[in-house]
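Student: Got a sequence here, can you build the structure:
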Amino acid sequence: MIKGSCLCGNVSYTYAGVITEIAQCHCSQCRKAQGGAFATNSPVNTKQLTFNGTEFITEFKSNPVKVRAFCSHCGSPLYSARSDLPDITRLRMGTIETPFSCENKYHIYTDSKASWHNIRDQYPKFKEGN
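Tutor: Below you'll find the predicted structure:
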């Protein structure tokens, strides 16, 4: 069981699955939404993800099929979800509290990465999404 929460603790969650991949997304939307060089997230099975404190979750529709969710109190990014992929929620990895291991890591949208950031690891790099 993987557990996580936002910065203030008003929103918490459990994931009854296994993290099988981690994407570091360098697109301009993710950089703005995270306030950093990239967003680190994992696609997880929506049916295995349970949230507490849902009254504190606000969703922002960033394009016609995608919402980005965050805690309305502290601003912590929690997940993104696409209406055309209802079984997948992209969980924001910085909110996870449970130790786990996953070596299936990769970078996406590297062509639009921040000019001031250098990718220095050896994980696969993709110019677009994966």
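
Student: hmm, who's touching the helix or strand of the chain with the lowest mean pLDDT?
Tutor: Of all helical and strand segments in the chain, the minimum by mean pLDDT, DSSP states H and E falls on helix 28-34, at a mean of 91. Helix 28-34 has contacts (C-beta atoms under 8 Å, 6 or more residues apart in numbering) with 37-39, 62, 68, 77, 92, 109, 112, 114. For glycine as for every other residue, the C-beta is placed from the backbone atoms N, C-alpha and C.

Student: If we use 7 Å, what do you get?
Tutor: By C-beta atoms under 7 Å, 6 or more residues apart in numbering, the residues outside helix 28-34 that reach it are 37-39, 62, 68, 77, 112, 114.

Student: Next, the buried residues of it.
Tutor: The neighbour-count criterion (16 or more other C-beta atoms under 10 Å) identifies 29-31, 33-34 as the buried residues of helix 28-34.

Student: from those, which single one is nearest residue 5?
Tutor: When the buried residues of helix 28-34 are compared for distance to residue 5 (C-beta to C-beta), residue 34 wins out at 17.0 Å.
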